[in-house]
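Visitor: Give me a model of this one.
(one chain, ligands or ions: 1)
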Amino acid sequence: MTYRAPLTDIGFALKYGTALAPEIEQGLFGDLTIDDVDAIVAEAGRFADEVIAPLNRIGDTFGTQFKDGVVTTAPGWKEAYRDWRLAGWNSVTAPAAWGGQALPQIVNAACTEMWHAASIGFANGPMLTMAAIDALNAHGSDTLKRTYLEKLVSGEWMGTMQLTEPQAGSDVGALRTRAERAADGSYRVTGQKIFITYGEHDFTDNIIHFVLARLPDAPPGTRGISLFLVPKFLLNPDGSLGARNDVRAHSVEHKLGIHGSPTCTMIFGDAGGATAFLIGQENAGMACMFTMMNRARLAVGLQGVGIAERATQQALAYARERRQGRVPGMKSAEMAPIIAHPDVRRMVLTMRALTQGARAICYATAIAIDRSERSSDEAARKTALQRASLLTPVAKAFSTDIANEVASLGVQVHGGMGYIEETGAAQHFRDARIAAIYEGTNGIQAIDLVTRKLPLSGGAAVAAHLDELRGIVQSLSASNDPAFGWTAVRLADAVESLARATNWLLGKLDKEPDAALAGASPYLRLFGLATGGCLLAQGALAALRLNADTAARLAVTRFFAEHCAVGAGALERTVVEGAAGLLGAEAALA
Ligand SMILES: Cc1cc2nc3c(=O)[nH]c(=O)nc-3n(C[C@H](O)[C@H](O)[C@H](O)COP(=O)(O)OP(=O)(O)OC[C@H]3O[C@@H](n4cnc5c(N)ncnc54)[C@H](O)[C@@H]3O)c2cc1C
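Guide: Down below sits the predicted model:
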């Protein structure tokens, strides 16, 4: 079975789960209408279903070919990319000044989810181009913008993101790639980068590398890193492609999943140094790269949502077809579809609920970014920026953690057939694995949440978030609809667990930072469960008001609260009580 973009769920989550509709009515997005949003999302869904999704399997089986420095992508991929960019999908949020459509981030979030559901291996290259556009637009000189932005925005050229080196993964500050100042104001870069997504490919005739490197007199660590733009082909004065720059792909990796995405080792400076142009200031490269990484982190979270959605669709379809065993009241000659068995229902509902909860968190992050960029009130922009900063690590890590769990459940629902490649369930399981690793591992996201995001404005950002969640729970309690079952009680417990764990961590950060770090990952999970559950409840309350697909939304929200969010109390205990046992467990690691 292939993928069908869940337009109703996505449209509802966009408009009511995350308040796009009220923001449109209040004019945050100029003359954009709800009908415009529906039309864009529907057309993206059609493209994802009809053009990209059918190429996912061939990407998995063909992989990428590497010969003499040239990468050939799977049959049909190059053409699909051309059609995708010509349809304008690369430029959805890009600035109008450079040919972009300047549409809301939240609209692009929905599109991004669908591109990745259709094929992560296909979509993760373009995703990095979009992030590169943001970084260049925010930090590049006028000359660099004039030279490169238009072609990056149109997708005629693609961008890459180059941080990782053999000795510098999570610890970016350990990177050794060198940049020397040249007499003409440009730089010469030498060194090696590994694991570079779409570092070389046949989609576009030029590739613009965004490379972190260190100047000879740079201070150590992350304070001594600069960001450079390194084109594969240098440009002639008229903008046409000129000489080949001194950068090449050395090899492509053989991987567990996303086989269609070329992951390259890159060599800079075989012939003395690749010509490079500084983005922003010398030694201030991490701040510029963070612009790129934050967008990419949300996009990787959406990868998680997309692959989880696809795995869920496939598992549900299989569970309706496959017949095994009987349910009470059946004649002995009959066999029941496995979806009739409570344990299979549990698995599929878990898949559906976690996917929708993660979607709600990612879309909430995207609309916070929109508010931070577009609100007319400066204080509102600042508050929204802090909300986006707070939610970004949760959007990335919670969504990709659940993507792994959902894809694994998808294999389980298929039984033995799930382990056999033909069904496709195994590919989702393999493809999902990387999303928890790249763009900063999920462990690093949890550390970011606890050490950098909780202290924002002295804890005011997380306190405001908690207040908002409490407000949703109060509305839920007031609604008193019996179809919600224990939802309000379970979500109230989850939010208070989150509040207590937050206070405990804030109290430990200065005095016992190791104790806070020990609880970072369970805390992020707790944050995701409480937030995802409340955002689903917000959507369910809107569904009640609007009488829109109410039964399904209430059922998913209730399941999330009673079966997923109910784990919040245990996670709180792990955070608050588990640090000493973890830090003192030397004997168990001997
Ligand atoms: C398919 C693929 C595509 C990629 N694409 C790109 C790309 O386009 N550009 C790019 O620059 N990189 C890319 N990467 C690299 C990726 O971002 C890194 O693999 C990732 O950041 C982790 O770094 P590492 O592999 O060195 O693991 P390590 O940093 O060695 O981490 C190993 C483990 O230790 C944990 N850990 C490390 N440090 C800490 C710490 N301080 N505290 C707690 N835990 C810690 C990690 O969470 C992880 O679980 C890609 C990788 C892959 C596999």
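Visitor: going forward, measure contacts and count neighbours with C-alpha atoms only.
Guide: Will do.
Visitor: tell me, how many neighbours does the closest residue to Thr61 other than its chain neighbours end up with?
Guide: Using Cα to Cα, 6 or more residues apart in numbering and skipping the chain neighbours, the partner closest in space to Thr61 is His259 (7.4 Å). His259 has 27 neighbouring residues, counting by other Cα atoms under 10 Å.
Visitor: Looks like His259 contacts Arg57 (just checking).
Guide: No: the criterion here is Cα atoms under 8 Å, and His259 misses it with Arg57 at 9.5 Å.
Visitor: What parts of the stretch 301-450 of the chain come near the ligand?
Guide: 437-441, 443-444 (Cα under 6 Å from any ligand atom).
Visitor: ditto for the chain
Guide: 161-164, 168-170, 195-197, 263, 437-441, 443-444.
Visitor: swap the cut-off to 8 Å and go again
Guide: Proximity of the chain to the ligand, by Cα under 8 Å from any ligand atom, involves residues 128, 160-171, 193-199, 253, 255, 257-258, 261, 263, 434, 437-444, 447, 517.
Visitor: Can you list the buried residues in the helix or strand of the chain with the lowest mean pLDDT?
Guide: When the helices and strands of the chain are scored by mean pLDDT, DSSP states H and E, helix 20-25 comes last with a mean of 89. Neighbour counts over helix 20-25 (16 or more other Cα atoms under 10 Å) mark 20-21, 23-24 as buried.
Visitor: count of neighbours near Arg244?
Guide: Arg244 has 14 neighbours, counted by other Cα under 10 Å.
Visitor: Also Leu128?
Guide: When neighbours are counted by other Cα under 10 Å, Leu128 comes out with 23.
Visitor: can I assume it is in contact with Gly155?
Guide: No: the criterion here is Cα under 8 Å, and Leu128 misses it with Gly155 at 11.2 Å.
Visitor: what helix or strand does Leu227 sit in?
Guide: Per DSSP states H and E, Leu227 falls inside strand 226-231.
Visitor: Could you pull up the mean pLDDT of that strand?
Guide: In this model, strand 226-231 carries a mean pLDDT of 98.
Visitor: Please work out which residues outside the helix or strand that it is followed by touch it.
Guide: Using DSSP H and E, the helix or strand that directly follows strand 226-231 along the chain is strand 233-235. Outside strand 233-235, the residues within contact range by Cα atoms under 8 Å, 6 or more residues apart in numbering are 206-207, 241-245, 275.
Visitor: In terms of secondary structure, what does the strand ranked longest in the chain contact?
Guide: Ordering each strand of the chain by length in residues (DSSP state E) puts strand 187-197 first. With contacts defined as 3 or more Cα pairs under 8 Å, 6 or more residues apart in numbering; DSSP states H and E, strand 187-197 has these neighbours: strand 158-162, strand 178-181, strand 263-268, strand 274-279.
Visitor: Now that we have those strands, can you turn them into JSON lines and tack on mean neighbour count and mean pLDDT?
Guide: Shown next, in JSON lines, are those (neighbours: other Cα atoms under 10 Å; pLDDT from 0 to 100):
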{"stretch": "strand 158-162", "mean neighbour count": "26", "mean pLDDT": "98"}
{"stretch": "strand 178-181", "mean neighbour count": "21", "mean pLDDT": "98"}
{"stretch": "strand 263-268", "mean neighbour count": "23", "mean pLDDT": "98"}
{"stretch": "strand 274-279", "mean neighbour count": "25", "mean pLDDT": "98"}
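Visitor: Now tabulate those strands in TSV and tack on distance to Asn294.
Guide: Shown next, in TSV, are these (distance: least, Cα to Cα, whole Å):
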stretch	distance to Asn294
strand 158-162	12
strand 178-181	25
strand 263-268	21
strand 274-279	17
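Visitor: Could you give me the buried positions within whatever helix or strand Gly507 lives in?
Guide: Using DSSP H and E, the element containing Gly507 is helix 487-508. Buried residues in helix 487-508, counted by 16+ other Cα under 10 Å: 487-502, 505-506.
Visitor: Kindly report the same for stretch 344-363.
Guide: Buried-residue list, stretch 344-363, by 16+ other Cα under 10 Å: 344-345, 347-363.
Visitor: Can you name the residue of the stretch 351-500 of the chain nearest the ligand?
Guide: Minimum separation of the stretch 351-500 of the chain from the ligand (Cα to the nearest ligand atom) falls at Tyr438, amounting to 3.8 Å.
Visitor: Angles on the backbone of Asp68, please.
Guide: Main-chain dihedrals, Asp68, degrees, to the nearest 10: phi 50, psi 40.
Visitor: Based on its surroundings, how many neighbours for it?
Guide: Neighbour tally, Asp68, other Cα under 10 Å: 8.
Visitor: From Glu200, how far off is it?
Guide: 12 Å (Cα to Cα, to the nearest Å).
Visitor: How about Ile258?
Guide: Taking Cα to Cα, one finds Ile258 at 15 Å from Glu200.
Visitor: Please say which of these two ends up with more neighbours.
Guide: With neighbours defined as other Cα under 10 Å, Ile258 and Glu200 compare such that Glu200 has more, 30 against 25.
Visitor: That's all I had, so thanks and see you.
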